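Participant: Below is the sequence, then the predicted model.
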Amino acid sequence: MQYTTHYQSPIGGILLAADKIGLTGLWFNGEKYYADHLDSEHEEKETPILERTKEWLTVYFSGNEPSFLPPIHMIGTPFQLSVWKILQKIPYGKTVTYGEIAKEIAGQKGLSRMSAQAVGGAVGHNEISIIVPCHRVVGTNGSLTGYAGGIDKKVKLLTLENVDLQHLSSPRSGSRN
C-alpha cells in the first residue's frame, strides 16, 4: 500500500508517495512522468516517512543542504537502479554529465562504453526527484536539457544550490527528458 500527501514548495506543488519501506515518489505537479508508478489504490495519509520527507524539503527549500535523508524505496530495473545510485552520490551544489555517469556505469559493468542516451532515459524516469538529484545532471556541452519537471525548475533548483550557471546553457526548446 502506498500513501500520498502534498507539499507546496516555493517553485510549485509536489506530490509525495511512500510505502512502509520508504519514499517511492516525489513529483512536481504536471511533470512529464507525474505519478507514473503510483499504485492505483493508494491512500492520502500522513506517515512518519512522508512527514520526514516534508522536513527534508523544508530545509532544502530554505537554501540549506539537509543533513539527513528520509528513507527511500526506489523501484526500477537493475539498470535504472544503478543509475539512480550514482545520482545519489552527486554532491549538493555540483553537477555531472550524462556522459560521466555513462562512463561510470560502463566501468562497473566492465564495458568499453555505455550510451549516454540510455543513462538519460534512466535519469528521466527517476521517481524521486530532488532527493535523488537528477536536476544535477547536465549535457556534455553544458546544456541544461533533460528534467522531467521542466527546465525552469531545474534552473531554480541549481540556483538554490548556488551552482554557477555561467558555464551552462538552456536548450533552444523547452526540452524535457
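Facilitator: Right, received. Where do you want to start?
Participant: Can you point out the buried residues in the lengthiest helix in the chain?
Facilitator: Ranked by residue count and defined by DSSP state H, the top helix of the chain is helix 48-61. If you call a residue buried by 16 or more other C-beta atoms under 10 Å, then helix 48-61 has these buried ones: 49-50, 52-54, 56-57, 60-61. Placement of C-beta: from N, CA and C, glycine included.
Participant: out of these, which one sits closest to residue 4?
Facilitator: Distance to residue 4 across the buried residues of helix 48-61 (C-beta to C-beta) is lowest for residue 50, with 7.8 Å.
Participant: Three-state assignment for the residue nearest to that closest one when sequence neighbours are not counted, please.
Facilitator: With sequence-adjacent residues excluded and distances taken as C-beta to C-beta, 6 or more residues apart in numbering, residue 50 is closest to residue 5, at 4.7 Å. Under DSSP: H, G, I helix; E, B strand; the rest coil, residue 5 falls in the strand class.
Participant: Against residue 18, how distant is residue 5?
Facilitator: To residue 18, residue 5 is 8 Å away according to C-beta to C-beta, to the nearest Å.
Participant: and if you look at residue 45?
Facilitator: Computed with C-beta to C-beta, the distance linking residue 45 and residue 18 is 10 Å.
Participant: Looking at those two, which is more packed in?
Facilitator: Per other C-beta atoms under 10 Å, whichever of residue 45 and residue 18 has more neighbours is residue 18, with 28 against 12.
Participant: Please could you give me each C-alpha atom of the host helix or strand of residue 24, formatted as PDB?
Facilitator: Element membership for residue 24 (DSSP states H and E) is strand 23-28. Below are the C-alpha coordinates for strand 23-28, written out as PDB (Å, rounded to 0.1, in the frame of the first residue of the first chain):
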ATOM      1  CA  LEU A  23       9.600   7.300  -0.100                       C
ATOM      2  CA  THR A  24       8.600   5.900  -3.500                       C
ATOM      3  CA  GLY A  25       7.800   9.100  -5.400                       C
ATOM      4  CA  LEU A  26       8.300  12.900  -5.400                       C
ATOM      5  CA  TRP A  27       6.800  14.600  -8.400                       C
ATOM      6  CA  PHE A  28       6.200  18.200  -9.300                       C
END
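Participant: Just list the residues touching the residue nearest to residue 50, thanks.
Facilitator: Listed by C-beta atoms under 8 Å, 6 or more residues apart in numbering, the contact set of residue 5 reads 15-16, 44-46, 50, 54.
Participant: can you tell me which of these are in strands?
Facilitator: Residues from the contacts of residue 5 lying in strands, with DSSP state E as the criterion: 15-16, 44.
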